[in-house]
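Undergrad: sequence and computational prediction follow.
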Amino acid sequence: MLIKTFGAAVTGIDAITITIEVNVTRGIKFFLVGLPDNAVKESQQRIESVFKETGFKWPGKRIVVNMAPADTRKEGSAYDLPIAVGILAADEQIKSSRIGEYMMMGELSLDGSVHPIKGALPIAIKAKADGFKGFIVPRANAREAAVVKGLEVYGVDSFNEVVDFLTGNNPLHAEVVDTNAEFLREQARSDIDFADVKGQDTVKRALEVAAAGGHNVLMVGPPGAGKSMLAKRLPTILPPLSLDEALETTKIHSVAGKLGGHISLLTRRPFRSPHHSVSDVALVGGGSYPQPGEISLAHNGVLFLDELPEFKRSVLEVMRQPLEDRTISISRARFSVNYPASFMLVASMNPCPCGYYNHPEKKCVCSPGVVQKYLSRISGPLLDRIDIHIEVVPVPFDKLTNQQPTETSHAIRERVIKARAIQTERFKKIKNVYCNAQMNSRLLAKYATPDKNGQAILKNAMEKLDLSARAYDRILKVSRTIADLEGAQNIEAHHVAEAVQYRNLDRASWGG
């Protein structure tokens, strides 16, 4: 007898419906076809054990399982559940007219329990798009999948639960998640705040400007100056995620298997901080079976690279294209996948190997030329994609012990949201440009031309401070953002003057 059940394969952050055709006829042997990997092929042994433990009989017949489309590679153990249900139905051990109404995925343990899977959210989205009535999924993935409205999502713990539900012997209750309520409730909750930071007013202002314009930031300072603490608080001043951004971000984390069982939707911007020993594949994604990398997990959030010069040169160079295109393409011989990678890069570094170059109190012990050599570990093209370079100096004792309240993240975020709203209106007719950091030369000429006094200050800064040519466009972009924070139509002299301060590493005197 021929029976069809339905599952899905995840490619990139989207899913493809997989039709699992099971035919049980007279004969012997078990055949599994349709480009399955080893994990899928091993399902026979798991399913045989499940049948024995749950009171069903493995058919002593010829079993052919075809997974269509046959030219799409099927990976992982999540197909155990639909294959097992298909075998039972094809052998007429169960009878149900409801099997074709539901997409189902889940890894089976030898005792019949159902283990979590990756990619439940994109699969649920595909199930709804293809008109399935519901989606049967491991209980640990139920809340994640239930974010999709208009689809009945049933979380199960065991194979028997699935069989009883399909045969009408045990009705299950659909998982219900109030997406809007949960989104609004969790969005403003945060354990960290800029109010915790003592001193560092200049750096906090630079991070506010960076958040307002989507600019990448490099912080340079001695150990213990507070670089990591400041970076971790940056997501708290970025504009809140929209519901569409939250869904897209959740899809990426779902595919990577990074969502916990209690999480249905990511409501806060991600903050990823990989160690400097990370490989290029782990950073940008890929592998034999491609998975999202750190830059995709940081999509719509912040990627923090601490001790930037300690990262391998090859690791840093592979980021150049994603920083420009805001997407990463992973190509293999037979297929390619695309992962979103629209992240804000925040990096930190010591000014020199000993860490005390330009320190107000401690003396640098590095030999001549070492500071410049240390900085040269970061390539010019990568530095070219970082708009703001800010020096972080140690906080004096009197500021550390000052109990006066400082500005909260909420207050800063309100200004950032207003500045972003101005940019949204400015670029609403321009494709793939959403903030000032993404402006090209043509847009700079249109929207970021300083007034006469601003031009004079910029000219003077370029000559006196010996700023590099790459600094010119970056200063104009940052000046435009500073003007937006003030609600100013034109870029004035004081906007340019502040932007010039944020190009420390472009000065010829740095590390000299």
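TA: Received the coordinates, thanks.

Undergrad: need the pLDDT of the residue nearest to residue 433 when sequence neighbours are not counted.
TA: Leaving out its chain neighbours, the residue that sits closest to residue 433 by C-beta to C-beta, 6 or more residues apart in numbering is residue 427, at 4.5 Å. Placement of C-beta: from N, CA and C, glycine included. Residue 427 carries a pLDDT value of 93.

Undergrad: now stretch 434-444: average pLDDT?
TA: Rounded mean pLDDT across stretch 434-444 is 91.

Undergrad: distance between the ends of it?
TA: 14 Å (C-alpha to C-alpha, to the nearest Å).

Undergrad: then stretch 209-217?
TA: Using C-alpha to C-alpha, one end of stretch 209-217 lies 10 Å from the other.

Undergrad: which residues does residue 60 contact?
TA: residue 28 (C-beta atoms under 8 Å, 6 or more residues apart in numbering).

Undergrad: that older thread, surely the residue nearest to residue 433 is in contact with residue 421?
TA: No - using C-beta atoms under 8 Å, residue 427 is not in contact with residue 421; the gap is 11.5 Å.

Undergrad: between these two, which has more neighbouring residues?
TA: Taking other C-beta atoms under 10 Å, residue 427 and residue 421 do not tie; residue 427 has more neighbours (18 against 12).

Undergrad: and the more buried one, backbone torsions?
TA: The phi and psi values for residue 427, taken as degrees, to the nearest 10, are phi -110, psi 20.

Undergrad: would you map the helices across the stretch 201-350 of the chain?
TA: Using DSSP state H, counting those that start in this stretch, the helices assigned to the stretch 201-350 of the chain run over residues 201-213, 227-232, 243-255, 280-284, 294-297, 313-317, 320-325.

Undergrad: select, out of those helices, the one closest to residue 93.
TA: Set against residue 93 and scored by C-beta to C-beta, the helices of the stretch 201-350 of the chain come closest in helix 243-255, at 33.3 Å.

Undergrad: residue 386 reaches residue 217, doesn't it?
TA: Yes - contact criterion C-beta under 8 Å: residue 386 and residue 217 qualify, at 6.9 Å.

Undergrad: overlap of the contact sets of the two?
TA: Joint contacts of residue 386 and residue 217 (C-beta under 8 Å, 6+ apart) are 345, 347.

Undergrad: higher neighbour count, the two?
TA: A count of neighbours by other C-beta under 10 Å puts residue 217 above the other of residue 386 and residue 217, at 26 against 22.

Undergrad: OK, contacts around the more buried one?
TA: When contacts are counted by C-beta under 8 Å, 6+ apart, residue 217 touches 206-207, 210, 344-347, 386-390.

Undergrad: now stretch 368-386: buried residues?
TA: For stretch 368-386, a neighbour-count test (16 or more other C-beta atoms under 10 Å) marks 370-371, 374-375, 378, 382-384, 386 as buried.

Undergrad: of those residues, closest to residue 90?
TA: residue 382 (56.8 Å).

Undergrad: how far does the helix or strand in which residue 39 is found sit from its chain's centre?
TA: For residue 39, the host element (DSSP states H and E) is helix 38-41. Using C-alpha atoms, centre = their mean, to the nearest Å, the mean C-alpha position of helix 38-41 is found 29 Å from that of the whole chain.

Undergrad: go on, stretch 98-115?
TA: The chain centre lies 29 Å from the centre of stretch 98-115; the measure is C-alpha atoms, centre = their mean.

Undergrad: check stretch 55-69 too.
TA: 39 Å.

Undergrad: tell me the spatial nearest neighbour of residue 68, not counting adjacent residues.
TA: Nearest residue to residue 68, sequence neighbours excluded (C-beta to C-beta, 6+ apart): residue 19, at 4.6 Å.

Undergrad: spit out the contact partners of that neighbour.
TA: Counting by C-beta under 8 Å, 6+ apart, residue 19 makes contact with 4-6, 67-68.

Undergrad: just for the stretch 101-250 of the chain, where's the confidence low?
TA: 182, 184-189 (pLDDT under 70).

Undergrad: so where do the strands sit in the stretch 251-400 of the chain?
TA: 271-272, 285-286, 291-292, 302-305, 327-331, 336-340, 344-349, 388-391 (DSSP state E, counting those that start in this stretch).

Undergrad: from residue 363, how far out is residue 468?
TA: Relative to residue 363, residue 468 is positioned 28 Å away (C-beta to C-beta, to the nearest Å).

Undergrad: more neighbours: the two, which one.
TA: A count of neighbours by other C-beta under 10 Å puts residue 468 above the other of residue 468 and residue 363, at 17 against 8.

Undergrad: distance of the more buried one relative to residue 147?
TA: In terms of C-beta to C-beta, residue 468 sits 47 Å off from residue 147.

Undergrad: what does residue 231 give?
TA: 29 Å.

Undergrad: out of those two, which sits in the busier spot?
TA: More neighbours surround residue 147 than the other of residue 231 and residue 147, with 25 against 21 (other C-beta under 10 Å).

Undergrad: does that one lie in a helix or a strand, and which?
TA: With DSSP H and E as the test, residue 147 turns up in no helix or strand.

Undergrad: list the contacts of it.
TA: 121, 124, 177, 179, 247, 250, 264-265.

Undergrad: tabulate the residues you listed (CSV), appending distance to residue 96 and neighbour count.
TA: As requested, the contacts of residue 147 are exported to CSV (distance: C-beta to C-beta, whole Å; neighbours: other C-beta atoms under 10 Å):
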residue, distance to residue 96, neighbour count
121, 27, 27
124, 22, 28
177, 27, 19
179, 31, 17
247, 32, 19
250, 32, 23
264, 29, 23
265, 32, 21
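
Undergrad: find the centremost residue of this protein, please.
TA: Central residue of the chain (C-alpha atoms, centre = their mean): residue 297, 2.4 Å from the mean position.

Undergrad: surely that one meets residue 258?
TA: Yes - using C-beta under 8 Å, residue 297 is in contact with residue 258, at 6.7 Å.

Undergrad: state which strand of the chain is the longest.
TA: For the chain, the strand that runs over the most residues, judged by DSSP state E, is strand 14-25.

Undergrad: show the average pLDDT along it.
TA: 96.

Undergrad: quick one: distance of it to the chain centre.
TA: 31 Å.

Undergrad: sheet partners, orientation included, of that strand?
TA: Its sheet considered, strand 14-25 pairs with strand 2-11 (antiparallel), strand 62-68 (antiparallel) by DSSP bridges.
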